[in-house]
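*Asks:* test case, fold it:
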Amino acid sequence: MYLNHLDLLLSPDLILIGGGVSKNFDQYGKFLNTKVQVDTASLLNDAGIVGAAMAARK
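*Replies:* Model (predicted):
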């Protein structure tokens, strides 16, 4: 329901999921009913750590 609400508000082409949730995406991703494509971040659980490090570096 939350991802569908995001789709309604923002109309994205793609929703990327990162963090701990992305580690188990294969278990629950098939149960999502969204019009927009949902995929995992390439860094999975490390996405937040890498993003924070990149932000701190600037």
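*Asks:* looking at this protein, which helix is longest?
*Replies:* helix 47-57 (DSSP state H).
*Asks:* buried sites along it?
*Replies:* A47 (16 or more other Cβ atoms under 10 Å). (C-beta placed from N, C-alpha, C; glycine too.)
*Asks:* centre of the chain versus that helix, how much separation?
*Replies:* With Cα atoms, centre = their mean, to the nearest Å as the basis, helix 47-57 stands 16 Å off its chain's centre.
*Asks:* got the CA coordinates for it in PDB?
*Replies:* Extracted in PDB, the C-alpha atoms of helix 47-57 (Å, rounded to 0.1, in the frame of the first residue of the first chain):
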ATOM      1  CA  ALA A  47      23.700   1.300   0.400                       C
ATOM      2  CA  GLY A  48      23.100   3.500   3.400                       C
ATOM      3  CA  ILE A  49      26.700   3.200   4.700                       C
ATOM      4  CA  VAL A  50      28.200   4.000   1.300                       C
ATOM      5  CA  GLY A  51      25.800   7.000   0.800                       C
ATOM      6  CA  ALA A  52      26.700   8.400   4.200                       C
ATOM      7  CA  ALA A  53      30.400   8.000   3.600                       C
ATOM      8  CA  MET A  54      30.000   9.800   0.200                       C
ATOM      9  CA  ALA A  55      28.100  12.600   1.800                       C
ATOM     10  CA  ALA A  56      30.600  13.000   4.600                       C
ATOM     11  CA  ARG A  57      33.500  13.200   2.100                       C
END
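*Asks:* tell me the contacts of N4?
*Replies:* If you count contacts by Cβ atoms under 8 Å, 6 or more residues apart in numbering, N4 has them with 33-35.
*Asks:* from those residues, which is closest to G20?
*Replies:* T34 (20.1 Å; Cβ to Cβ).
*Asks:* SS state for the closest one?
*Replies:* coil (DSSP: H, G, I helix; E, B strand; the rest coil).
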